[in-house]
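Asks: next one to model:
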Amino acid sequence: TGSGKRYMLQDSSEICDYAYIHINLSTTQPAGWKGNSINDKIAEEINSGRIKTKEINGRQVVTSKILLFGDEFDKIPHYGCTNFGDTGNTSDRDLQSEIMNLTNKNTIIPIQIGVDHSTMRPVFCELPTNNILCVLAGAFTGIEKIIRRRLSIGGIGYDQKLGHSNKEKNLLSYISKSKDLSKWGFIKELLGRIGTIATLNPITPEIMYEILTTAKDNILDFFLEYFSDKNINIQFNEEALHYITELACQSKDGVRGLENLLINMFNSIISEFPSSANGATESTTEPKTIYFSKDYIISNFNIQQFNQ
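Replies: Numbers count the residues shown, from 1 in each chain. This next block holds a predicted model:
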């Protein structure tokens, strides 16, 4: 978690000119069940115009290439379960089967995009599966236990400890679809469709600092511009910026943790501004400069609150 999966895939979709769809699989239901389904999300994107369609021989067909990001993939079989290998209820297995259908080759999936009010019949749009790049991701917190248990088989005494001490440093690199993900609770038919598994490292303080100071349209620049419009000049020294990125990494929420930290920090300053009758924040009459150092942050903000 917090390794930048969503940002990376969003940028990749822009570079490759793919329509980007983000789906939280932990709150998604199979088609026919009460709640939002994968097809509902795709239909929403089609109706919004973010996914392009074309009429071919009287049929509406999706023409866009699609990068479909199924987030919280690990929560499908394991969400609410207490034992590894529990595949959950029928809904969980049906959702896995639906995801599997997205990976079929040369298949057309009918997506209901509305209703013809003159005939009261559903209106469908055809989605070719060959146009879909399906990326599934999750934190898989605790899967190290499954991998560790499997790797501990074989070897005795000193040789066993020596071999496993090296593997322990990077357990996720030894993940197995057929063994570890199967024990996690995924059906084997779906696992057979997964082509590549990539493990991502957490964002380091050094990378977080680069994101904070050089990323385009970053939240720090947004707040600096906001305060400048209010006649307030915000300045950070290098020690303060590095301290902020270290705090963000401790939250283990990646860039989201960095954004939440800055929002909480700056909101406490905004709350001290004078407000107009309609609740809007007013500018200060005299120019003001606030210098952020590490000591200033420690003295003026509840650091424990930031990491909760």
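
Asks: buried residues, the one helix or strand residue 234 maps to. List them.
Replies: In the assignment (DSSP states H and E), residue 234 maps to strand 232-236. Using 16 or more other C-beta atoms under 10 Å as the test for burial, strand 232-236 gives 232, 234, 236. To be clear about C-beta, it is placed using only N, CA and C from the backbone, and glycine gets the same treatment.

Asks: tell me which strands it pairs with, and in which orientation.
Replies: According to DSSP bridges, strand 232-236 forms sheet pairs with strand 288-292 (parallel).

Asks: rounded mean pLDDT for the partner strand, please.
Replies: Strand 288-292 carries an average pLDDT of 89.

Asks: what angle separates whatever helix or strand comes next after the strand holding residue 234 from strand 232-236?
Replies: The helix or strand immediately downstream of strand 232-236 is helix 238-251, counting by DSSP H and E. Calculated by axes from the mean of the first three to the mean of the last three C-alpha atoms, to 10 degrees, helix 238-251 forms an angle of 80 degrees with strand 232-236.

Asks: which strands and helices sit next to helix 238-251?
Replies: Applying 3 or more C-beta pairs under 8 Å, 6 or more residues apart in numbering; DSSP states H and E, one finds that helix 238-251 makes contact with helix 205-214, helix 254-270, helix 294-300, helix 303-306.

Asks: what packs against the third one?
Replies: It refers to helix 294-300. On a contact count with 3+ C-beta pairs under 8 Å, 6+ apart, helix 294-300 meets helix 238-251.

Asks: check what contacts the helix it packs on and list those residues.
Replies: For helix 238-251, the external contacting residues (C-beta atoms under 8 Å, 6 or more residues apart in numbering) are 2, 202-205, 208-209, 212-213, 236, 255, 257-258, 260-262, 292-294, 296-297, 303, 306-307.

Asks: sort out which of those are buried, if you could.
Replies: 2, 203, 205, 208-209, 212, 236, 255, 257-258, 260-262, 292, 294, 297, 306.

Asks: residue 224 touches residue 236, doesn't it?
Replies: No: contact criterion C-beta atoms under 8 Å: residue 224 and residue 236 do not qualify, at 9.0 Å.

Asks: how distant is stretch 131-145 from the center of its chain?
Replies: Distance of stretch 131-145 from the chain centroid (C-alpha atoms, centre = their mean, to the nearest Å) equals 10 Å.

Asks: actually stretch 21-39, sorry about that
Replies: Distance of stretch 21-39 from its chain centroid, counting by C-alpha atoms, centre = their mean, is 16 Å.

Asks: going forward can the numbers begin at 246, since that is how I track them
Replies: Got it, the first residue is 246 from now on, which makes the last one we talked about stretch 266-284.

Asks: what does that stretch contact?
Replies: 251, 286-287, 290, 296, 311-318, 320-321, 324, 336, 339-340, 342-344, 347, 354, 356-357, 381.

Asks: buried residues in that stretch?
Replies: Buried residues in stretch 266-284, counted by 16+ other C-beta under 10 Å: 266, 268, 270, 273-275, 282-284.
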